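Q: have a look at this prediction, sequence included:
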Amino acid sequence: MGEQQPHQGHGSHTDHAHPSHLTHKTQGVTSLACMVVTCSDSRTPDSDISGKLICHLLKEQGHSIADYQIIKDEPTDIRNLLLQASGQEAIQVVIINGGTGISRRDSTFEAVDGFLEKRLDGFGELFRYLSYQDIGSPAMLSRATAGIHGGLVIFSIPGSQGAVRLAMEQLILPEMGHIVGELTK
């Protein structure tokens with residue numbers, strides 16, 4: 001009477017007290033080296049509040065900032081920066097903010113999307129869903145995206161402070177260690 005039936009969800013865990021998605025998260029990497037990139041034609045190190053917020057939130061969770069840069073929203077520059085980052089084993093995660101909208105100058109999405117080898121479509125879907133709950137229908141204009149290139153995890157998010165806080169606190173920080181951990185399997 002006290003026997004447990006095998007778990008019917010993901011994985012082969014039989015302990016109902018620890019669902020497989022929680023077990024996987026506990027096996028993630030807890031301290032990561034991150035590159036923070038702000039894509040903007042107008043921000044400077046003094047005025048880049050969103051870039052500073054990303055750095056602060058990462059450090060607060062025990063991660064390190066391996067590099068921080070502000071670059072123009074130029075596809076070639078973004079791609080070159082991602083190539084450089086992917087060649088450095090010391091960098092595990094790149095978080096790009098800015099350039100995800102639909103204006104003529106917003107080209108970050110195309111540069112990042114073309115660089116990804118594996119896309120994490122759920123990131124953009126969840127980001128837009130959470131944004132919709134916060135700001136309503138303008139959330140559909142965001143082209144936030146994420147994915148993998150080699151062993152590098154890349155997140156591309158809007159540059160507003162609200163969007164940065166939402167993406168970091170509700171999606172990126174809770175999952176990036178898990179994602180990096182999955183890449184080492």
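A: Everything's here; your move.
Q: can you tell me the SS state at residue 44?
A: coil (DSSP: H, G, I helix; E, B strand; the rest coil).
Q: quick check, pLDDT for it.
A: Note on residue 44: pLDDT of 94.
Q: burial count for the residue nearest to it when sequence neighbours are not counted?
A: Setting aside the residues directly before and after it, residue 44 is nearest to residue 70 in space (C-beta to C-beta, 6 or more residues apart in numbering), at 7.0 Å. For every residue, glycine as well, the C-beta is placed using N, CA and C. For residue 70, the neighbour count with other C-beta atoms under 10 Å is 18.
Q: mind checking the pLDDT average for the helix or strand that residue 70 is a member of?
A: Element membership for residue 70, per DSSP states H and E: strand 64-71. What strand 64-71 shows for mean pLDDT is 97.
Q: strands paired with it, and their directions?
A: If you go by DSSP bridges, strand 64-71 pairs up with strand 33-39 (parallel).
Q: next, the buried residues of the longest helix that the chain contains.
A: Criterion DSSP state H: the longest helix present in the chain is helix 121-135. Residues of helix 121-135 classed as buried by neighbour count (16 or more other C-beta atoms under 10 Å): 123, 124, 126, 127, 128, 130, 131.
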